[in-house]
Each structure stands twice: as C-alpha cells, then as structure tokens.
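A.B. asks: A structural model of the following input is requested.
(2 chains)
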Amino acid sequence: MANTDKNSYTVLFAIGMVLIVGTILAFLASSLKEKIAENKRIEKQQNILYAMGVNDNDESSVTFVSKDIVGEEFSKYITKQIIITGTEITEDNNAYLIDLKKEAALAKDANYQRRLPLFIGKKDGKDFYIVPMRGKGLWDAVWGYIALDNKLIVQGVYFDHAGETPGLGSNIKERFFMDDFAGEHIMDGDSFKGITAAKGNADPKNNNKTDFEVDAIAGATITGDGLSAMLKKDLKMYLPYLKTIKQ
Amino acid sequence: MGLLSKKDAKLISDPLADNNPITIQVLGICSALAITAELKASIVMSIAVLFVLGAGNVVISLMRNIIPSKIRIIVQLIVVATLVIIVDLVLKAFAYELSKTLSVFVGLIITNCIIMGRFEAFALANGPWKSFLDGIGNSLGYALILIIVGFFRELLGSGSLLGYKVLGDPIEKTGVYAFGYENNGFMLLAPMALITVGIIIWVQRSRNEALIEDN
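C.D. replies: Residues are numbered from 1 along each chain as shown, chains lettered A, B, ... in the order given. The predicted model follows:
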C-alpha cells in the first residue's frame, strides 16, 4: 500500500477527489436541469391556481390539481397576466415565470424600474387578483401567492418555504394556517394594513376578519414575523394598482 | 438471527440499547432537538439518515485504505455532501413532491454528527459489510430516540399524533379538552426536547448501572 501520509499523496488525492466528485455532480446537474426546471414551472402554476381555490383539497390535505392537467387548467382559469412597471401595465403570458428574487436584487439599483407580475383569474364569474410575494423566514426564503377579490378581501393564499424548521415554521404551508387567511381584509377604509401573524391567542378561531390578524404558529415566531413583513412589504408595492381595481 | 453471525447481529442491536448514538454516544443531538416537534418529521428524518448512513459507511469503508489521514475529515464530509446532493437532485427531477418534503432536512443530514461520528469511529477501520450493518444499527438507534421524543412532544405539545387530533379539538373543547386540559406549548420548543432526551438518558442509566461513568 502506498504511503498515505506523504504530503504529495495527500495533495494528489485531494485533487483527484475534487475532479471525480465535481464531474459526477456537474454531469448529473446539467443532465437533470431541464426536468427540474419543468417541475418548477408546473409547481408555480399549481401554486397560483391553489391560491384562487382551484385545487383537489379534501378535508385537511393540501392537494394541487394534477400535473397532467395543470397546463390546461392554468390557461382556463388565469385569464390575464400582467406586468406592472411603475405606472405602465403590460400584458405578458409568461409573467408567472418572472423570478422575484432576481427582481428584488435588481431593484436595489435606484435606476431600475422593478417589474411586478400579477395574475388575474376568473372562476364562477368572480375575478381574482393573485399577487406573488417573497420574503425571509428564520433560516431561508419564504414565498407565497395571495388571491384578492375586487373588494381587496383575501380569497385564498398559498405559502411555501425553502428551509423552515420541520414541525414549527414549516407549518406555514399547512391548511390550518393558510385557511385562516380567507376572508381577511387588508385595507382599513383607504389605509393599508396588511395581515399579521399575531401571538397572544386573541382570536384562535379567527372569527374576526377585520382585525388584520391571523393566529400565529406556536414555536415559529420568527417565521411568522417574516411572513407578516413579506405580506406588508410586497402588497404595498402593488397598492397603486390594487386601488384602481377596488370597488 | 440465522442470517447474521452473532457478532454482526450485535452491530445492529447494540446501538438500539446500550450503545445508543443519542443517549450514550451523545451524537446527533442538534437534529434531535430541531425536528422532533412532530412525529412525522422525526420519521422522515430517520429514514433519510438510515439511507445516508448506510450508504456513506459503505463508501468510506471501501475507501478506508486510500484516504490520507490528514484530510480524512474533509473527505468524509465530501462523501456525505455528495451523496445527499445526488439524492436531492434525482428526487427533484423524478419525485418532485417528495423532494419538497425532504428539502428542509438536507442541511440537517449533512451536519448530523452521527454520520461523521460513525465514519470516523467505525467505517475507517472495518470492512464494507460490517460498516453497512453498523450504519443501519446506528441509524435505527437514532430513529428510536427521535420517534420517542417526537411522540411525546407532539402528543403533549399539540395534542395530536401524525397530525391526527387524538386528544380532541383544543379550540372546540372536545375530548379531554372538555375537562379543562390544555396543550403544553412549551413542549414545542427546543428546551423541552433536551429535557425529554435527558429523561430518556436518566431512565436508561438507572436501569443499567454499568452505563454510568465514574468521575
């Protein structure tokens, strides 16, 4: 057996290992790239439809419309996709593919006019305005979609996260939390209030829909705070447009 | 067990009791605290560790004669990270839903000290078959504690098991809640996981005094 303590052996081994592992991972990543991107695109469509109530939910599960029909359902229910840039509004059927993370990074440059995607859906004769959003949880990103009607009352939401603590913060994508948002108001007359995940057990059954609060998750304070901040910050950006649709 | 020799069988049975990775070796505590608020998360994490530790132990064992000792920790880390990333990528492409469930565990698996601990203490010195059994044994021992802790934390903290409200509805005041019982929200926080693990260690050592160290 070769002397594995020699410096030259150590260096050669390290280089060899990096090359082998690097090649395997790079090969795998690039050969699966398209499939993964496709899965992500389908997921986005499913999430947007979920927020406006197009899903296969039963009593307590979170079930999206099936992968096979999501494309059809998406073009059936989402009647219009727009991009809001300042005061300008353009229609774009791929608006849902806009990467909110990239837009937020570009918007740090004061000269950049941030593009805000918004999806307009129609179900049973009713209009839905679906706002995508993205913020920070405890460990990583949180994001979601919130569907409003033309009185700016929440009709449904979908939240997701990259790495919140399992069993605590990760519960933001569970029904018991998301369902509480339906019916909540975000405006107090003409002033914008947003929705806060509030501790204190003031309204655990969530009967009061005009308190701008939903019951927070025990043990997930920072995830809840991040979520509330995201709702406030991102909805605010859409406010000029939302005020034009408000009846 | 007819399938395994006595020695091999001990590799699996020991970590379940007198050489448990969590309560005796005190490894993998961070993940045991972080994810045991719900029984379901405990089970998913256990399965993930079972896979990574079983496979990782075999890979390290096969490489044990060529790994330079000076950089062995880094090599071990690369092996775990590579295995986890491969699994993550393949799941993302072919079982996207499952990968969404597992994604939050990926970081916790790579940094799980049971994995590094078993590579270092066992796989570097033993053959692949033995290492495989050792990996399976230790992850089962880990799973056992995780599931016990998850069971009590979810039952006492949320009044449910695997999401089913076994004690009744705390808001509608049905089941035991009708008699004034309240969930203990403290059980959902990390300190109670530590105390629960502590109680298991206490019970285990008082039943078997050979486990108590002199100092």
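A.B. asks: Excluding covalently adjacent residues, which one is nearest to A:K67?
C.D. replies: Distances taken as C-beta to C-beta, 6 or more residues apart in numbering or on different chains place A:I42 nearest to A:K67, at 5.7 Å, with adjacent residues excluded. Every residue, glycine included, has its C-beta placed from N, CA and C.
A.B. asks: Surely that neighbour is within a helix?
C.D. replies: Yes: counting by DSSP: H, G, I helix; E, B strand; the rest coil, A:I42 is located in a helix.
A.B. asks: burial count for it?
C.D. replies: 17 (other C-beta atoms under 10 Å in any protein chain shown).
A.B. asks: Backbone dihedrals for A:H185, please?
C.D. replies: phi -90, psi 150 (degrees, to the nearest 10).
A.B. asks: need the contact list for it.
C.D. replies: Applying C-beta atoms under 8 Å, 6 or more residues apart in numbering or on different chains, we find A:H185 in contact with A:L152, A:I153, A:V154, A:K193, A:K209, A:T210, A:F212.
A.B. asks: make it 7 Å
C.D. replies: A:I153, A:K209, A:T210, A:F212 (C-beta atoms under 7 Å, 6 or more residues apart in numbering or on different chains).
A.B. asks: how close does the third one sit to chain B?
C.D. replies: It refers to A:T210. 20 Å (C-beta to the nearest C-beta, to the nearest Å).
A.B. asks: Which secondary structure elements does the lowest-mean-pLDDT helix or strand in chain B sit against?
C.D. replies: Least confident helix or strand of chain B, by mean pLDDT, DSSP states H and E, is helix B:96-110 with a mean of 76. With contacts defined as 3 or more C-beta pairs under 7 Å, 6 or more residues apart in numbering or on different chains; DSSP states H and E, helix B:96-110 has these neighbours: helix B:39-62, helix B:72-94.
A.B. asks: Nearest to B:K7 among those helices would be which one?
C.D. replies: helix B:39-62 (16.1 Å; C-beta to C-beta).
A.B. asks: Could you list every helix and strand that the closest one packs against?
C.D. replies: helix B:72-94, helix B:96-110, helix B:113-118, helix B:128-158.
A.B. asks: I'd like the average pLDDT over the third one.
C.D. replies: To tie it back to what came earlier, the one meant is helix B:113-118. The average pLDDT for helix B:113-118 rounds to 86.
A.B. asks: same deal with stretch B:201-211?
C.D. replies: In this model, stretch B:201-211 has a mean pLDDT of 84.
A.B. asks: comparing the helices and strands packed on helix B:39-62, which gets the lowest mean pLDDT score?
C.D. replies: Taking the mean pLDDT of the helices and strands packed on helix B:39-62, helix B:96-110 comes last: a mean of 76.
A.B. asks: what angle separates it from helix B:72-94?
C.D. replies: Using axes from the mean of the first three to the mean of the last three C-alpha atoms, to 10 degrees, the direction of helix B:96-110 lies 170 degrees away from that of helix B:72-94.
A.B. asks: Put the alpha carbons of helix B:96-110 into PDB.
C.D. replies: Extracted in PDB, the C-alpha atoms of helix B:96-110 (Å, rounded to 0.1, in the frame of the first residue of the first chain):
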ATOM      1  CA  TYR B  96     -40.600  16.500  -7.100                       C
ATOM      2  CA  GLU B  97     -43.300  16.300  -4.300                       C
ATOM      3  CA  LEU B  98     -41.100  14.000  -2.200                       C
ATOM      4  CA  SER B  99     -38.100  16.300  -2.700                       C
ATOM      5  CA  LYS B 100     -40.100  19.200  -1.400                       C
ATOM      6  CA  THR B 101     -40.800  17.300   1.800                       C
ATOM      7  CA  LEU B 102     -37.200  16.400   2.200                       C
ATOM      8  CA  SER B 103     -35.600  19.600   1.200                       C
ATOM      9  CA  VAL B 104     -35.600  21.100   4.700                       C
ATOM     10  CA  PHE B 105     -33.800  18.000   6.000                       C
ATOM     11  CA  VAL B 106     -30.900  18.100   3.600                       C
ATOM     12  CA  GLY B 107     -28.800  20.600   5.600                       C
ATOM     13  CA  LEU B 108     -29.500  18.700   8.800                       C
ATOM     14  CA  ILE B 109     -28.400  15.400   7.300                       C
ATOM     15  CA  ILE B 110     -25.000  16.800   6.100                       C
END
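A.B. asks: element containing the residue nearest to the spatial centre of chain A, please.
C.D. replies: Chain A has A:G144 as the residue nearest its centroid, 2.3 Å off, counting by C-alpha atoms, centre = their mean. Assigned by DSSP states H and E, A:G144 belongs to strand A:141-148.
A.B. asks: what does that strand contact?
C.D. replies: A:47-48, A:51-52, A:100, A:128-136, A:154-162, A:164, A:172, A:223, A:226-227, A:230.
A.B. asks: Swap in 8 Å and give it another go.
C.D. replies: With C-beta under 8 Å, 6+ apart, strand A:141-148 has contacts from A:47-48, A:50-53, A:100-101, A:121, A:128-136, A:154-162, A:164, A:172, A:181, A:186, A:223, A:226-227, A:230-231, A:235, A:242.
A.B. asks: That strand: what's the following helix or strand?
C.D. replies: Trace forward from strand A:141-148 with DSSP H and E and the next one is strand A:154-161.
A.B. asks: What is that following strand packed up against?
C.D. replies: If you count contacts as 3 or more C-beta pairs under 8 Å, 6 or more residues apart in numbering or on different chains; DSSP states H and E, strand A:154-161 packs onto helix A:7-51, strand A:141-148, helix A:175-178.
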